Structure formats: C-alpha cells, structure tokens
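# Structure for this input, please:
(one chain, ligands or ions: 2)
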Amino acid sequence: MSEQALGREALSGARRVVVKIGSALLTNDGRGLDDAAIGRWVDQIAALHQRDIEVVLVSSGAVAAGMVRLGWQVRPSAVHELQAAAAVGQNGLTQCYEQHFARHGMLTAQVLLTHDDLSNRKRYLNALSALRTLVEMRVVPVINENDTVVTDEIRFGDNDTLGALVANLLEADALFLLTDQEGLFDADPRHTPDAKLITDGHADDPRLAAVAGTGGALGRGGMSTKVRAAQLAARSGAVTVIASGRQPEVLTRLMAGERLGTLLRPEQAPIAARKRWLAGQLQVRGTLTLDAGAVKVLRDKGSSLLAVGVCEVQGGFRRGDMVTCVDEQGALVAKGLVNYGAEEARQLAGQPSHQIEAILGYMEAPELIHRDNLVVV
Ligand SMILES: Nc1ncnc2c1ncn2[C@@H]1O[C@H](COP(=O)(O)OP(=O)(O)O)[C@@H](O)[C@H]1O
Ligand SMILES: N[C@@H](CCC(=O)OP(=O)(O)O)C(=O)O
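Numbers count the residues shown, from 1 in each chain. Ligands and ions are numbered 1, 2, ... in the order given. Below you'll find the predicted structure:
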C-alpha cells in the first residue's frame with residue numbers, strides 16, 4: 001500500500017472532524033453570504049452526523065457578511081471598522097447556519113474564541129469541556145474568532161489557525177479547510193494559470209511554505225496560513241485536507257477516501273502524536289501521589305484519575321495546569337491537566353467523587369484529571 005493511500009484511507013475511518021469554511025468561499029466573493037452553498041455544506045454535515053461522525057464547524061464570513069449588510073464595498077483597513085462589520089455580520093452567519101441545520105432537526109451553538117483562549121490553561125479546559133458537551137449532545141458548534149476582542153487575527157483574517165487549534169483541542173482525526181481553490185498548487189493559480197495541484201504531502205515539509213502565497217481580497221490568510229494550520233493540526237495527529245468547497249459533495253467524498261484537494265499528513269501516528277503533544281504542552285506545576293489502586297487503573301484501564309486515589313498533593317497549581325502523578329515510591333506514572341487547583345485538590349484527596357460538591361460547595365468535574373487529558377508514561 002502506498003504512503004499516499006494511507007492518508008486517504010485514514011479519512012474514511014475518521015470519527016471526529018473539524019471543517020473550516022473560508023471567507024472567500026462563504027460570501028460568493030463578496031456578494032454576501034452564499035445561502036445556497038451554506039445549505040449544501042450543512043446537508044453534507046447532517047449526512048455525516050447520521051453516520052455518527054462528529055463535525056465541528058469553524059466558519060469565517062462575519063466581516064464579509066457585515067460589509068454587505070452595512071453597504072460597504074471595500075473591506076476597511078481600520079481594525080475598529082472590521083470589528084464592527086464582524087459584529088453585524090456574525091448575526092447573519094449564525095442565523096443562516098441555524099436555519100439550515102434546523103431543516104435536519106439539528107441544533108447549532110455559536111462559539112466565539114480567540115487564539116489566547118486556547119493557550120490560556122484555564123480557558124482551554126473551559127472551552128474543551130463546553131465543546132465536548134455540545135458534541136456529546138449532538139449539537140454542531142459553529143466557531144468563529146471573537147473579533148470584538150482581537151486585533152491581530154482580524155487584521156490577518158486567519159481562521160485557519162483557529163481551525164487547527166480546535167482540531168488540537170478536540171483531538172480531531174481530520175481538519176478540512178474548504179476554500180475557493182481546488183487545493184494547494186505549486187504556485188498561486190490566480191497568477192499562474194498552469195500551476196499544478198499538490199495532491200499529497202507531509203504537513204511539515206518545508207517546501208510547502210515556499211509555494212503557499214497569501215490570499216484574495218476577502219479571505220486574507222491565503223495558503224500560507226493553511227500550510228501552517230496543517231502543521232499545527234499534525235501536532236495532535238490530525239490529517240489536514242485543503243479542498244474546494246465548490247466541489248459537489250466535497251465533504252462526503254473526502255470522507256469516502258476520494259482523492260480531492262491536497263492532503264497533508266502528520267509525521268507521526270495519531271496516538272503517539274497526541275500523547276507527545278499533551279506531554280509537551282506545559283510546565284509541570286505540581287505533583288499528585290497516587291495509591292496503588294489508582295496507579296493500577298490508570299496503567300491497566302486508561303481510567304480518569306479520581307480524587308479518591310490521591311494520597312498527597314504538592315505544588316501551587318491552578319485548574320488547567322499540568323501536574324505529574326507519581327506512585328507512593330515517587331516513580332512517575334502519568335502527566336495530565338488537572339481539573340481543580342491545588343487547594344481544592346488537597347481538600348478532595350482521598351474522597352469519593354460524590355462528596356466533591358459537599359466539600360467544595362460546587363463540582364467542576366467528577367474526576368481530578370479526565371482520561372483524555374492524561375498521558376500515562
Ligand atoms: N500555492 C497556492 N495554491 C493555491 N492558492 C494559493 C496559493 N498561493 C496563494 N493562493 C491564494 O490563496 C487563496 C485562498 O486563501 P484565502 O483567500 O485566505 O481563502 P479563505 O478565505 O478560504 O481562507 C486562493 O484564492 C489563492 O489566490
Ligand atoms: N473572523 C473573521 C475573519 C476570518 C477570515 O477571514 O479568515 P479566513 O477565512 O481564514 O481568511 C470573519 O469571520 O470575517
């Protein structure tokens with residue numbers, strides 16, 4: 001089996017995918033939201049949902065939709081005007097998705113994030129638990145940048161990076177970047193008509209950055225932010241595909257393993273990549289000493305860590321920080337992102353989860369470290 005075939009095959013087995021739809025595509029090159037096209041992507045996502053594939057959407061288009069609503073012909077360069085346009089346009093964007101998903105009896109949730117939200121440990125965990133809950137409830141999160149509170153992202157128009165960070169956050173199997181070109185070409189096809197499509201590659205191949213230019217008048221990041229996004233997505237083992245959102249049934253065909261667009265593979269197998277990514281995330285802020293029973297279930301069953309199995313808590317960590325878990329002899333067992341700060345963890349150590357609310361007056365989560373946020377070493 002060829003190396004290329006491996007990447008495409010992995011797509012047909014994907015269970016959780018992040019789909020990012022770019023501005024250029026969504027807005028029919030500036031003529032307002034392309035309602036019919038949005039309806040077609042929604043139909044495909046609904047069909048994937050029927051097959052129990054979880055889809056999280058990252059959708060641009062707020063600025064472009066706002067410009068049309070405000071009657072602006074040219075994308076403003078002043079950041080405060082871009083922010084105003086995004087705030088006006090985001091309403092229309094949300095409405096449009098909501099109406100189309102409602103045709104399929106599906107609910108959507110508007111989620112506005114900044115890159116900082118995903119690098120700040122506490123907010124990272126908050127975003128993760130909210131998104132996980134939505135996905136578990138079969139609601140489709142529709143994510144965009146929170147344009148009112150950012151300046152860099154809105155200036156560079158880069159939702160590709162946001163798509164990759166969401167793929168990392170949710171440990172998605174694949175990131176689909178839908179755009180107005182068939183994929184990544186060996187030169188910008190807008191300027192080089194005989195440019196050739198790159199069908200497959202490694203996300204970390206340095207030659208890709210060299211061919212990836214910047215974008216058109218509406219979407220701004222171009223292919224360079226897409227290649228960078230593929231590198232970021234690869235850190236947690238996700239495959240990235242850059243493909244044309246205008247291809248009929250693009251998502252269903254990609255999920256069937258069809259050779260469309262440009263597929264960029266991670267270097268490492270997903271599980272190894274995810275664990276390495278998590279382990280390399282953060283500075284360690286504290287240590288939990290586990291009793292023999294907890295060590296056993298972490299190692300043998302891949303369970304979450306419950307407070308009842310913790311005998312000692314060291315350090316001054318906060319919710320979302322990385323802590324190490326050691327056995328009673330001090331040998332390293334695991335690393336993970338902790339759901340409670342050190343003070344709360346000290347109160348909870350040795351106690352069963354059903355006591356958490358009585359002890360603290362609230363319950364953030366039933367486990368001290370969720371198994372998805374835990375790497376057993
Ligand atoms: N090597 C390349 N291959 C394909 N497209 C390229 C390349 N270099 C630059 N581009 C440009 O990138 C644009 C897509 O990026 P962008 O406008 O940011 O879209 P989106 O809003 O979908 O993120 C294309 O329309 C194309 O002009
Ligand atoms: N968040 C903004 C800008 C995002 C944007 O244009 O990104 P992209 O589609 O990646 O070029 C919006 O919704 O208009």
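
# Looks like Leu254 contacts Gly245 (just checking).
No. Distance between Leu254 and Gly245: 11.1 Å, which falls outside the contact criterion (CB atoms under 8 Å). Placement of C-beta: from N, CA and C, glycine included.

# and Glu344, how many residues sit next to it?
21 (other CB atoms under 10 Å).

# right, I mislabeled it, should have said Ser244
15.

# Next one: it from ligand 1, what distance?
10 Å (CB to the nearest ligand atom, to the nearest Å).

# What backbone torsions are found at that residue?
phi -80, psi 130 (degrees, to the nearest 10).

# For Val241, which three-state class applies?
strand (DSSP: H, G, I helix; E, B strand; the rest coil).

# Now for it: which residues touch it?
Val241 is in contact with 11, 174-177, 183, 254, 260-264, counting by CB atoms under 8 Å, 6 or more residues apart in numbering.

# For the nearest residue to Lys122 once chain neighbours are set aside, give me the pLDDT.
Spatial nearest neighbour of Lys122, chain neighbours left out: Gly320 (4.2 Å); criterion: CB to CB, 6 or more residues apart in numbering. We note a pLDDT of 83 for Gly320 in this prediction.

# Work out for me the element Gly320 sits within.
Here Gly320, judged by DSSP states H and E, is contained in no helix and no strand.

# Number of residues surrounding it?
Neighbours of Gly320 using other CB under 10 Å come to 21.

# Would you map the helices across the stretch 251-377 of the chain?
Secondary structure of the stretch 251-377 of the chain (DSSP state H, counting those that start in this stretch): helices located at 270-279, 292-301, 342-348, 356-360.

# Among those helices, show the one with the smallest mean pLDDT.
For the helices of the stretch 251-377 of the chain, mean pLDDT drops lowest on helix 270-279, to a mean of 61.

# ok, now which residue in this structure is the farthest from the centroid?
Within the chain, the residue lying farthest from the chain centre (CA atoms, centre = their mean) is Gln329, at 38.1 Å.

# From Thr289, how far out is that one?
Look at Gln329 and Thr289: by CB to CB, to the nearest Å, they are 10 Å apart.

# Against ligand 2, how distant is the residue farthest from the centre of the chain?
51 Å.

# got a list of what that residue touches?
Gln329 neighbours (CB under 8 Å, 6+ apart): none.

# And the one 5 residues further on, by the same measure?
Neighbouring residues of Ala334 by CB under 8 Å, 6+ apart: 298, 305, 324-325, 369, 374-377.

# rerun at 10 Å
279, 288, 290, 294-295, 298-299, 305, 323-327, 369, 371, 374-377 (CB atoms under 10 Å, 6 or more residues apart in numbering).

# Type out the ChimeraX command that picks the buried ones from those.
Here is the ChimeraX selection string for the buried members of these, based on 16 or more other CB atoms under 10 Å:
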select :288,290,294,295,298,305,323,324,325,326,327,369,371,374,375,376
